Every structure is written in structure tokens, then in C-alpha cells.
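Q: one predicted model, sequence on top.
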Amino acid sequence: MMKRLTYLMCMPMLLLALCEPAWSAHQGVYLGAFYGMTLLQEAEARDALGTFNLDFEPGQAAALSLGYDLDPQGLLGDGRLELEYARRSNALDEVDFLEGKVDGDGDLRAESLLLNTYGVYRGFRGWVPYLGAGIGAARITADDLQVSGQPLADDDKVVFAYQLGVGVDFPLTQSLILDLGYRFFGTARPEFTAVDGSKFKTRYLSHSALLGLRIGF
Amino acid sequence: MPKLLLPLIVVLLGLLGCSEDDSPTRPNDFTPLTSIEIVSQNPSIANLTSNQFTAIGNFSGLFTRDITAQVLWESSVPGVATISTVAETVGRATAASPGTTTVTARLGDVDASFELLVSDAVINALAIAPLTPSTPTGLTTQFSAVGTFSDATTQDLTFDAVWESSDPAVATIGNSPVDKGLARALTAGPTTISAAFGGQTQSTDMTVTDPALVSLAIEPANASQLSLTSSEYSATGSFSDGTSSDISSQVAWTSTNSLVAEIDATSGRVTTLAQGNASIRAALGDVSATTSLTVTGGNLTGIQILPANPVLVHPTSTLEGAVGTTRRMTAMGSFSNGTQRDITEMVTWEVLPEGVATVSNNGVDRGLVSTLAATVNPATLSATFRTVTASTSLSVLSRTLASLEVTPVDSNIAVGTSIRFQVTGTFVDGPTQDLTRDALWSAAGTAASVDNSSFKEGRLRGVQAGTATITASFGGQTADATLTVTSRALQSLNIAPTTPTTGIGGSLQFSATAVYTDGNTQIVTEDVTLSLNNTNVAIFADASKNPGLVYGVNLGTTTMTAQLGSEPVQSLTLNVLQ
């Protein structure tokens, strides 16, 4: 299912690189707000007793960004730099142990602060594809995670985070841009303390589809 | 640029969307235990015997797990039967007197019970199994004992019997809780295994045989090899007593693809025939092993004999014991991938008609032509591999040897290195001929020694500082040269080429040059020790015949090292590319 949803999210990107921009590029500061869906990849967790897999339901993602659109003729080329605060949340669906899968409860949340850089291509009319990456930090919160109704962990950790992003801008005016994008977001493995005091590490890799607006000033 | 990157990003992200398929290893200790089931070997047992109970936990109906070691065991009437809580025997009840007791298993708030009846039956007969087993050294045999009781019941008494081996040096048998009735074969020979319980005894002969072959390992494993080359495979057997030994000559060797590679059924010598894949199998009895062999370097398309149209002299002489002359011939194979390489050792040589010269098809002298008699008409020298053949004319002239000349006349080498001399014979009415292999070489003095090994004809080695007179003798003639051997300190060893690259079946000729602190340099290719760490990527052609010549075998990278005597090792990376 994960693979299929990822392909579905990426397919529109392939179809969008066809038209020419209608507006000249905005230069300067902008604010952005985004909302969308996030899929958290099945995570292998590991503790002293072995490995177990955490499977999550699709969740919601939201982000705010403060950035700067670069001068297309400038030294850095056509693109933008931004500081992004994002929040992702996915509910724990199942946990897979040696004996099989059992129900899970609780949420895994990620609040991230990233410095992103994007490059854009303005060869099309009305569509501006972009491609970028970002690094920063994220607080990963295991919010009352439970297995078979029994508490697993209620803990949080701050870890290194990174992101790859691709999407398309639809300039509505010179300074108002509709942004449809895909973000691959990952972190270093956070180590949580379980309710019994033991430690376990897990993986955080997510795929998000976001729709947002950027307003230039 | 983004236009081109978009599809790439989509592909990358699609790959990242693939989830790992790692099977979990952690037991689930979260899902609550909801019930326990006690499983018993026997519903009732005879007095003074024991019974193993097992506790199976059901976790919320989602899965079950053996929790025998986790539960708390209790017997309501210990005077009838006690139940062990010791790790090695946990859950085992031992009858103390006839009666009934309730065995309970408890974990947290969940428990289960089993009513155990201890009878007053006595044992009438004891049987053990297996009977008269044969066990190879290093392996084990588990014996069991079954009692027949006065109430017509039977009961497993393996744990309760006392076991004994009449010859513990041949085989031991366990009496501890973890190895009751387990016989371990130690040395070939006979022993008697017996079990005793309640006054009853039973025994059987056990024969320990020689170690049994358990597995085979073939070397080289998963090799790559150029076509029209040969290599030796070996088989190492691992035996039941933990030992291992080379059993290459005992196994039966087979190749699954005889068009690609043949293997001698007894020696394990592989000869590659054509590009492709084959599996090499070694088998002895029921034990076998297989490894893959990838043959590279194209298929043979033609052969060229070098030198073409050789002319050799069969000297006339009034001296007794006059002998003919020799010439090493080379067969160069052309391959379908556009490469060429020396296949002298792989072809079958022939000279016709007979009586003019012989050509060897044996060992290191394969392709060596030796004259027998002069001939008016040239003979035909041919080289053949399967259906591919080449031929050239071979002329043998009768001439009188006039003189010999050794070159270089005057030379200087460092101690510990070597030099090649050549002796040329001039015959009356011509021609001249290289007689380096045919001459007898000697060195006067202690500064140098003669190397008499194959392909080293005319090679002199500098032993100590000094001067030596080098003499070549043939057919009553002699010629001299002077060799000065000097003590020098090595400053650096330079290996060329420095960034070696070749293709599959392609060749590279390495040379080693010693640079000395006194400013002298010397080619020392024959004196360095060369090695390659990955022979599936590249191999040396033949260290004796073509020192420093390397062939590419398969795509990849390998490290070549060179060392002159005890000097520091030089390394460089060799790449074999498409």
C-alpha cells in the first residue's frame, strides 16, 4: 500500500511539467502555509529483546514557512531559501512481533524545524516545477503508544532531520502562489524510553503530499 | 535541469517508498496472558517415576507460547508427587507415593490445574531403543527407555533410568537432566549401552564407526576464469568428529556445462572451453557441494603460431654427443571479444612428418620444438584446440657452428637482482640462432649464480658484490661476458603503469624499476614478488614465462602488490572495465 500511495503522489509531478509560466518571478520575502496528508513508513524498532515493526495509519501534516525568493539572475540562481516549521502525526495501527501482529494505539508525532533550499525551472507556462532539500532538527514524540492496550512508551526525543521536496508552483498572481508538493521527510533514529524503563530505537521516514499558499512581500 | 531531475526524483522516491521486509525477532510481552493449558506426557504415572508437564499460554486468543519456564508450579500433595522449579527440570513431577495430587501452573492472575494420579504399579520389563546402532565418531545417538508395568501400562523412563556405557572411551552416555540417554560417539569401536530402573536392566551393543563426512567445501568458490585456461579445484571435507581434511582426490568432480568447462573427474582440474556459466560439483557418497564458475574472455576464433615459419639449425659436428637446437613456440589465441592471449599450454602441438623435429606437449615445455635432423622440405608445425587449428612451416637446416656471442658483454647489477644473458650462435653459411636455452651457462667466482629453472635460461643472479665471468657453452664453442655485481641501497621501487586499466581478456604488462640511492636504476620485473588479491578480477599470465603480464578476468578492482626482497611493499589498484 505504501508503494502504491507513493507512486500515486508522485505521478501528478510527471504530468505537470508541460506549461509555461504566466507571471514574472517574485523576488523577496514570503510566507507560506501548507496542509496535507502524510504516510509514515513501517518502522523497525529495536530493543534488548529483539526487533518489532510499527505500522501506522495515514495522518495529517501541516507546515508554515518563512522564506526568500531569490533573484533569478542572481549568483545563486532561480530558487528560494526558507525556514520551515512542520508538524506530522500518525496513529499507531499495528505492531508486529515474533508471534504476529497485534493492535496498537497512540500517536507518533514529528515537529520539525528545517532550513530548505529549492531550485525552480521556469521553462513552462503557468507551471513552475521545483526541487529541493532541507536539513534541521525534529522532536519525535511517542504519544501514549500502546500495544494490545498495554502502554509501550510516552516519550519524546529531538533528533537530526532531513527532507527532500519536489512539487509545482501555480502562480495565481506575481506574489500569490499555489504550491502542490511532495516531501520525503526522515530523521535519525530516535531512542525512546519504554514505560518499563527499557530503551528502544525506531525509524522515522514519511511521505507527505501538501497543498499550500505562499504570499510574497 | 529540474525537468530532467523530476523523473529521477520520482523514481528515487518510488524506491524509497518500498518498505523493508524484516521479520521481527522480539517476543510479544505486551499482549495479556488470558489462559494457560497444562499438557502432560501421561495422565497417570507409576510410583517413583517422573512426568514432564508443559504450560502453554494463550495471549488474548492472538497467539500461544510455551511458558513452562515462566509459570509457578505447585503440587497440592507433595507427598504424592513433587514438581521441580529448577531451571533444568522445571515442570517435571516426580512421584513419591501412590495417590492423587493437583499440579498447578500460575503466572500472574492466570492459572491452570491438572490432576495427576500416581499408581502403585511396579515395573515388569524395560526396553531400550534403538538396538545395535552404529554411530560415526563425533555424532550422538539418543536412546530411550520404556517400562512395562504390572498394570499393563507403559511409560517412558528415559529420564528416570540410570544409563551406562561399558567403554566410556568409545562412547559416553548422559545421566544429567539435560542429556539423559544421549550417547556421544568418541572413538571407533564397540561398547554396550545399558539402562536400569526399579531392578530391571536392559542393554544393547553400540558400534562407533569412523568419522562420517558431514559436508564439503569447494575452492575456489564462485570463481571467474578466462576461457582456455585451466585451474585446480580442491575439496575440503568436514567430518562428524569436527576434523577436516583435503579430499580432492576422493570426490567425484563434475561440470554441469561441458561446453563451457570440463573437469577431470578424479583430479579436479578444470579446463575452460568457452565463455558462459557452469557449476562445478564435488560428491562423495551422499555428500556433495556445488560452486559456480563464470568463464569470461570470449570464445576462441583463431590461433596464430609465433614465430611464424621458424628456421632452426641442426648443427653438424665432429664432436660426440652433438645435439640439436630448440625453440619455444607460442600459440596466440584470438577471441570473440576482440582480445588475444597466450594459449600455448592449451593447444596440442604436432610436427609432421616425423623425424625432422619433435614438439613437446608436456608440462612447462609444451610447445618446445627440438630438432632431430635437417630436412630439404619444410615440415609443418601445427597447434590445435578442439576444432580450431593453425599451422606454419618449420625448416631445419644442417649447419656447422662457427662461433658464439654472449650479450650483454659487460653489465652491472645490484646484489639480489638478476639479469638475462643471451647467446647467439653464428653458423657457417648462416643463419644465426638464439641458443640461450640450449647452451650450458656457468659463472666463475662467487659474485653470481646461474638460474637453471624453466624459462630462466641465461638468467644470472647477483649474489654478492664482485665480478663474475659468465660463460655460455654449446657444440664445442664458448663465449664469455663480464657481470659486475654491486651493493646498492634501494631508494624506491617504481611500478608501471601507475593507473592500470584493462578489459576482460585484455592484458597489461607491468614493469618494476628499482631506483638506487647512488642514482642507478635497474629493471627488476623478474626479481620482485608480485601478487593480486582478487583473482576473479585479474590473474598473472605465467610468472616464469611472462613475468609481470596480467590478464583481466572479470569486471572489478583488485590490488596488486610488488616487493623486492624485504623492502617495503608497493601497492596499486588495477581496474578491469567493460
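A: Sure thing, it's come through.
Q: ok, the nearest residue to A:Gly216 once chain neighbours are set aside - how many residues close by?
A: Nearest residue to A:Gly216 in three dimensions, chain neighbours excluded: A:Ser175, at 3.6 Å (CB to CB, 6 or more residues apart in numbering or on different chains). The C-beta positions use only the backbone N, C-alpha and C, and glycine is treated the same way. When neighbours are counted by other CB atoms under 10 Å in any protein chain shown, A:Ser175 registers 16.
Q: now do A:Ser175 against chain B, distance only.
A: Noted for A:Ser175: a distance of 22 Å to chain B, by CB to the nearest CB, to the nearest Å.
Q: so what's that residue up against?
A: Counting by CB atoms under 8 Å, 6 or more residues apart in numbering or on different chains, A:Ser175 makes contact with A:26, A:30, A:215-217.
Q: repeat that with 7 Å
A: Applying CB atoms under 7 Å, 6 or more residues apart in numbering or on different chains to A:Ser175 gives the contacts A:26, A:215-216.
Q: which among those gets closest to B:Ala125?
A: A:Ile215 (96.7 Å; CB to CB).
Q: tell me the pLDDT at the closest one?
A: A:Ile215 carries a pLDDT value of 95.
Q: picking that back up, so can I have a markdown table of the contacts of A:Ser175 showing secondary structure?
A: Listed next are those as a markdown table, based on DSSP: H, G, I helix; E, B strand; the rest coil:
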| residue | secondary structure |
| --- | --- |
| A:His26 | coil |
| A:Ile215 | strand |
| A:Gly216 | strand |
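Q: can you say which of these are buried?
A: Buried subset of the contacts of A:Ser175 (neighbour count, 16 or more other CB atoms under 10 Å in any protein chain shown): A:26, A:216.
Q: where does the residue of the stretch 201-350 of chain B found nearest chain A land in three-state SS?
A: Nearest to chain A in the stretch 201-350 of chain B, going by CB to the nearest CB, is B:Ser215, at a distance of 29.6 Å. Following three-state DSSP, we place B:Ser215 in the strand state.
Q: what about the strands in the stretch 1-150 of chain B?
A: Secondary structure of the stretch 1-150 of chain B, counting by DSSP state E, counting those that start in this stretch: strands at B:35-40, B:44-46, B:50-59, B:63-66, B:72-75, B:81-83, B:92-95, B:99-107, B:110-119, B:123-129, B:134-136, B:140-142, B:144-149.
Q: what packs against the fourth one?
A: Taking 3 or more CB pairs under 7 Å, 6 or more residues apart in numbering or on different chains; DSSP states H and E as the contact definition, the neighbouring helices and strands of strand B:63-66 are strand B:50-59.
Q: count the neighbours of the residue of the stretch 201-350 of chain B closest to chain A for me.
A: 12.
Q: how near is it to B:Asp241?
A: 13 Å (CB to CB, to the nearest Å).
Q: ok, A:Thr187 - contacts?
A: Here A:Thr187 is in contact with A:138, A:140, A:159-161, A:204 (CB under 7 Å, 6+ apart).
Q: again, only this time at 10 Å
A: With contacts defined as CB atoms under 10 Å, 6 or more residues apart in numbering or on different chains, A:Thr187 is in contact with A:110, A:112, A:136-140, A:157-163, A:203-206.
Q: break chain B down into its domains, please.
A: B:35-119, B:123-209, B:213-296, B:400-486, B:490-577 (automatic domain parsing).
Q: mind listing what's buried along stretch B:431-443?
A: Those buried within stretch B:431-443 under the rule 16+ other CB under 10 Å are B:433-439, B:441-443.
Q: strands - which of the residues you listed land there?
A: With strands defined by DSSP state E, the entries of these inside them are B:433-434, B:441-443.
Q: now, which of these sits nearest chain A?
A: Nearest to chain A among these: B:Asp434, at 68.7 Å, using CB to the nearest CB.
Q: and the pLDDT at B:Gly298?
A: For B:Gly298, the predicted pLDDT is 95.
Q: repeat that for A:Tyr68.
A: At A:Tyr68, the pLDDT recorded in the model is 94.
Q: how about the closest residue to chain A within the stretch 151-300 of chain B, secondary structure?
A: Here the stretch 151-300 of chain B gets closest to chain A at one residue, B:Val178, 24.5 Å apart by CB to the nearest CB. Assigned with three-state DSSP, B:Val178 falls in the coil class.
Q: list the contacts for it?
A: B:88-89.
Q: what separation do you get for it and B:Ala171?
A: In this view, B:Val178 and B:Ala171 are 18 Å apart by CB to CB.
Q: at the geometric centre of chain B, which residue do we find?
A: Closest to where the C-alpha atoms of chain B average out (CA atoms, centre = their mean) is B:Glu219, at 2.0 Å.
Q: I figured that one was touching B:Ser234, is that so?
A: Yes: at 5.0 Å, B:Glu219 counts as touching B:Ser234 under the criterion of CB atoms under 10 Å.
Q: joint contacts of the two?
A: B:246, B:248, B:268.
Q: filter these to the buried ones?
A: Here, 16+ other CB under 10 Å leaves B:248, B:268 buried among the shared contacts of B:Glu219 and B:Ser234.
Q: for the shared contacts of B:Glu219 and B:Ser234, give me a markdown table that also has secondary structure, distance to A:Val102 and pLDDT.
A: Output for these, formatted as a markdown table (DSSP: H, G, I helix; E, B strand; the rest coil; distance: CB to CB, whole Å; pLDDT from 0 to 100):
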| residue | secondary structure | distance to A:Val102 | pLDDT |
| --- | --- | --- | --- |
| B:Asp246 | strand | 53 | 93 |
| B:Ser248 | coil | 54 | 94 |
| B:Gly268 | coil | 55 | 94 |
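Q: let's have the shared contacts of B:Glu219 and B:Ser234 in TSV, adding distance to B:Arg92.
A: TSV is the format used below for these (distance: CB to CB, whole Å):
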residue	distance to B:Arg92
B:Asp246	47
B:Ser248	50
B:Gly268	53
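Q: skip the chain neighbours and tell me the closest residue to A:Phe170.
A: Using CB to CB, 6+ apart, the closest residue to A:Phe170 is A:Leu178 (4.1 Å).
Q: contacts only, for the one you found.
A: A:168-172, A:211-214.
Q: do you know the pLDDT at it?
A: pLDDT for A:Leu178: 95.
Q: A:Arg125 too?
A: 80.
Q: now swap in B:Leu15 and tell me
A: Confidence at B:Leu15, expressed as pLDDT, is 43.
Q: any weak-confidence spans in chain B?
A: In the prediction, chain B carries residues with pLDDT under 70 at positions B:1-21, B:317-322.
Q: now the helices for it?
A: All helices of chain B, identified by DSSP state H, fall at B:2-16.
Q: what of chain A?
A: So, for chain A - with DSSP H - the helices run A:2-16.
Q: low pLDDT regions in it?
A: In chain A (pLDDT under 70), the answer is A:1-24.
Q: B:His183 and B:Thr172 touch, don't they?
A: Just so we're on the same page, residue B:183 is Ala rather than His. Yes: the pair B:Ala183 / B:Thr172 is scored as a contact, 7.0 Å apart, by CB under 10 Å.
Q: looking at those two, which is more packed in?
A: Shown here are B:Ala183 and B:Thr172; by other CB under 10 Å, B:Ala183 has more neighbours (24 against 19).
Q: quick one: contacts for that one?
A: B:133, B:135, B:139-143, B:163, B:165, B:170-174, B:191, B:193, B:206, B:208.
Q: list only buried entries from those.
A: Buried among the contacts of B:Ala183 by 16+ other CB under 10 Å: B:133, B:135, B:139-141, B:143, B:163, B:165, B:170-174, B:191, B:193, B:206, B:208.
Q: in strands, which of the contacts of A:Leu178 fall?
A: The strands, defined by DSSP E, take in A:168-171, A:211-214 from those.
Q: is the residue nearest to A:Tyr35 when sequence neighbours are not counted in a bridge, and if so with what?
A: Leaving out its chain neighbours, the residue that sits closest to A:Tyr35 by CB to CB, 6+ apart is A:Ala62, at 5.0 Å. For A:Ala62, the beta-bridge partners are A:Tyr35, A:Arg87 (DSSP bridges).
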